[in-house]
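Participant: would you be able to build a 3D model of this:
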Amino acid sequence: MLQSALASRHHAFQKKAKSKQHTVAKKTAVHKKVIHSVQTIVKPVTSAQKTVISVASLLDTTAPKVVVVTSVFKPSLRSAAKINLTAATAPAEVSIIPLMYSIPAENLTFSYHPVAIKPLALMVDTTLHWNKDRYIKVGYGNYATPYAEAGVALGDGQKSAILLHGKYTSSKGNLPYQNFTKGGIDANGVFALPNQQQLTGKIYFDNSTQYLYGFTGSNNYTKDQLQQQFNTIGGNLGLETTMPNDYGIAYHPEVGFSSFFDNRQANEMNAIIKAPISKTLGKLLTFHVTGLADITHLQTLNTTTINNNLFYVAPALEFKVPNVQIKAGMQPSWDNSQFSLLPDITLQANIAENRLILLAGWHGYFHKNTYQSLAAFNPFIEQPTTLLNTKFTEQYAGLKGNAGKHFTYLAKVSFLQIDNQPLFANDTAAGKSQGFVVLNEPKLQALKLHGEITYTDQEKLSLIAGIDYTQYTQQQVYDKPWGLLPLDVTGTLLYKLTKDFSLKSDLFLWDGAQYRDPVSLASRKLPAAIDLNAGAEFAVHKNLNIWLQFNNIFNNKYQRWSQYQVLGFNVLGGIVYSFH
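Facilitator: Presented below is the predicted three-dimensional model:
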């Protein structure tokens, strides 16, 4: 039994061993085929990529037999090409668009202009202007001085702007017939037109009345005999381009007309036509030409007719680069049919970026003398018996510039040749010394020094001052330049303390002019004079301001014209009401 059982187990073991050997042999054959297949597939790759293939434990029957393939080659997708964004410049534009720029020089536009010489014996200084759309300004002061002013602004300020303005004042001094009255109305308009053009116009009426109160000794004249009354009615019309047109042309023709008459049957008609035109020639050159016709016809009581006509044409070329500006031209002129060729040569050289600019020039020009212009300079003149225009030939050199953001300056020295300069001398006729006759000096020379300074701090502070010193020499006919000031200093200070409170002050200082003694005929000199004025204006309501004005604070009763003493210290005050 035991042997039978052992034999049975031995037989089963052998059968199982044979079965196992058969299975191993079968697997070995399969594995060989797999290896052969793998070698067949991998071999090309192995030789190209140096692939290492290891078959581990193929005959190991204790664990599952696997084939491990190790390779440095890894299949992957090809990287996509990136878009290369480079900062390449745009292609150059070959077409050129011509553009015209008008750039003002910073801090070099001087707001100071020499003031016209007024008869201060009859002048009342105006106080601050309150710019509103519609306003009325009234006041009163000593010397029985009423003051009234009104203004109205119309239009939208873009397509049209019209300003209507009028004022009136008068005073009565302590001397006999030391009275005067001034008044006038005017209307100014600006109207926009197509093609960058605008139409400008003005009509006006002015009246001034004063008396020849500068007599000496007893007065044997009536008020009507001493009265000097001047009236002017006039207007002008102009067409102006706001910018050069497509052809680089800018123009500003003007036509003016005025009628001037006094209370002694004198009537003067003035007509003027002026046409300045400029044409740009590239970026550096500009051609300028100005034509003028100024015609005057005067009819007086004692003379038949006085004609005074002036014509000229002034062509010039202007060369401008960033630091240099040169203008070269001439002015053929016909002064009452007498021909003159005047120079027009100027130079500006920027030395230090607008901080220092060199000026030089040789310039000739005419000053038109009319009964109207002579009476505005000296209201105590008698009717002129002749009218001659003054010709100036000026050679000058100077400097202008700025020092910082607030301060600008100008200094200039000039040598002048003057032909037909009007002089003013007291009449030598018995009992008529209070009137001035207009004399003509054919030739004289002058050395003139001119200076300006300006200091501005936004809209809070503004200081403007100017000085003119003139030394006259080489007179041919008369002893001295009677009636002309050798030294004239002016200054204006405007200080805005707050939004609603402003201060203003004016200073006038000059050396006395030479005059002719009506008795001895000797030349004498008036004393120097100073006149200081101050004013204030402040708001008490949205539409209501109060103003004060103090004139001749030092109470200096000087004489601008011989025998004519000015008013002393005077004060005015009032209100300004705005309808805005």
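Participant: what mean pLDDT does the longest strand along the chain have?
Facilitator: As assigned by DSSP state E, the longest strand anywhere in the chain is strand 436-457. Mean pLDDT, strand 436-457: 96.
Participant: stretch 379-390 too?
Facilitator: For stretch 379-390, the mean confidence score works out to 95.
Participant: can you offset everything so residue one is 54?
Facilitator: Done: numbering now begins at 54, and the last item shifts to stretch 432-443.
Participant: export it as PDB, just CAs?
Facilitator: Extracted in PDB, the C-alpha atoms of stretch 432-443 (Å, rounded to 0.1, in the frame of the first residue of the first chain):
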ATOM      1  CA  PRO A 432      -4.600 171.600 -26.700                       C
ATOM      2  CA  PHE A 433      -3.600 175.200 -26.200                       C
ATOM      3  CA  ILE A 434      -2.300 175.700 -29.800                       C
ATOM      4  CA  GLU A 435      -3.600 178.200 -32.300                       C
ATOM      5  CA  GLN A 436      -4.800 177.100 -35.700                       C
ATOM      6  CA  PRO A 437      -1.800 176.100 -37.700                       C
ATOM      7  CA  THR A 438      -0.800 178.000 -40.900                       C
ATOM      8  CA  THR A 439       1.100 175.100 -42.400                       C
ATOM      9  CA  LEU A 440       1.400 171.400 -42.000                       C
ATOM     10  CA  LEU A 441       4.700 169.500 -42.600                       C
ATOM     11  CA  ASN A 442       5.400 165.800 -41.800                       C
ATOM     12  CA  THR A 443       8.300 164.900 -39.600                       C
END
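Participant: may I see the buried residues of it?
Facilitator: Within stretch 432-443, the residues that qualify as buried are 432, 433, 434, 435, 436, 437, 440, 441, 442, 443, counting by 16 or more other Cβ atoms under 10 Å. To be clear about C-beta, it is placed using only N, CA and C from the backbone, and glycine gets the same treatment.
Participant: cool, and stretch 522-536?
Facilitator: So stretch 522-536, judged by 16+ other Cβ under 10 Å, has buried residues 522, 523, 525, 528, 531, 533, 534, 535, 536.
Participant: mind checking how far it is from the chain centre?
Facilitator: From the chain centre to the centre of stretch 522-536 is a distance of 36 Å (Cα atoms, centre = their mean, to the nearest Å).
Participant: give me the contacts around that stretch.
Facilitator: Stretch 522-536 has contacts (Cβ atoms under 8 Å, 6 or more residues apart in numbering) with 431, 474, 476-478, 489, 492, 494-503, 537-540, 566-569, 576, 614.
Participant: let's see 6 Å
Facilitator: 476-478, 494-502, 539-540, 566-569, 576 (Cβ atoms under 6 Å, 6 or more residues apart in numbering).
Participant: check stretch 410-424 too.
Facilitator: 321, 347, 349, 351, 363, 395-404, 437, 440, 442-451, 453-454, 475.
Participant: the helices in the protein, which residues?
Facilitator: Here the chain has its helices, by DSSP state H, at 55-102, 276-279, 424-430.
Participant: and the ones you listed, which one is worst for confidence?
Facilitator: Lowest mean pLDDT of the helices of the chain: helix 55-102, a mean of 46.
Participant: and the pLDDT for the spatially closest residue to residue 349 that is not a sequence neighbour?
Facilitator: Spatially, and ignoring its direct neighbours in sequence, residue 349 is nearest to residue 361 (4.3 Å; Cβ to Cβ, 6 or more residues apart in numbering). On the pLDDT scale, residue 361 is placed at 97.
Participant: just checking, residue 361 touches residue 348?
Facilitator: No - between residue 361 and residue 348 there is no contact under Cβ atoms under 6 Å: 8.2 Å.
Participant: these two: which is more packed in?
Facilitator: Shown here are residue 361 and residue 348; by other Cβ atoms under 10 Å, residue 361 has more neighbours (22 against 15).
Participant: where's that one relative to residue 391, distance?
Facilitator: 12 Å (Cβ to Cβ, to the nearest Å).
Participant: overlap in contacts of the two?
Facilitator: Counting by Cβ under 6 Å, 6+ apart, nothing touches both residue 361 and residue 391.
Participant: wait, which of the buried residues of stretch 522-536 is closest to residue 558?
Facilitator: residue 522 (22.8 Å; Cβ to Cβ).
Participant: identify the bridge partners of the closest one.
Facilitator: With DSSP bridges as the criterion, residue 522 is bridged to residue 502, residue 540.
Participant: quick check: pLDDT value at it.
Facilitator: Reading off the model, residue 522 has pLDDT 98.
Participant: burial count for residue 577?
Facilitator: Neighbour tally, residue 577, other Cβ under 10 Å: 13.
Participant: typo on my end, residue 619
Facilitator: Residue 619 has 21 neighbouring residues, counting by other Cβ under 10 Å.
Participant: quick check: residue 203 touching residue 187?
Facilitator: No - applying Cβ under 6 Å as the test, residue 203 and residue 187 come out as separate, 8.2 Å apart.
Participant: ok, so what distance separates the residue nearest to residue 349 from residue 389?
Facilitator: To residue 389, residue 361 is 6 Å away according to Cβ to Cβ.
Participant: can you check residue 544 too?
Facilitator: 39 Å.
Participant: so if I had to pick from those two, which one is more boxed in?
Facilitator: Legend: neighbour count by other Cβ under 10 Å for residue 544 and residue 389, higher for residue 544 (17 against 12).
Participant: buried ones from the contacts of stretch 522-536, can you make that a ChimeraX selection?
Facilitator: Of the contacts of stretch 522-536, the buried ones can be selected in ChimeraX as follows, counting by 16+ other Cβ under 10 Å:
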select :476,477,478,494,497,499,501,539,540,566,567,568,569
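Participant: isn't residue 560 up against residue 544?
Facilitator: Yes - counting by Cβ under 6 Å, residue 560 touches residue 544, with 4.1 Å between them.
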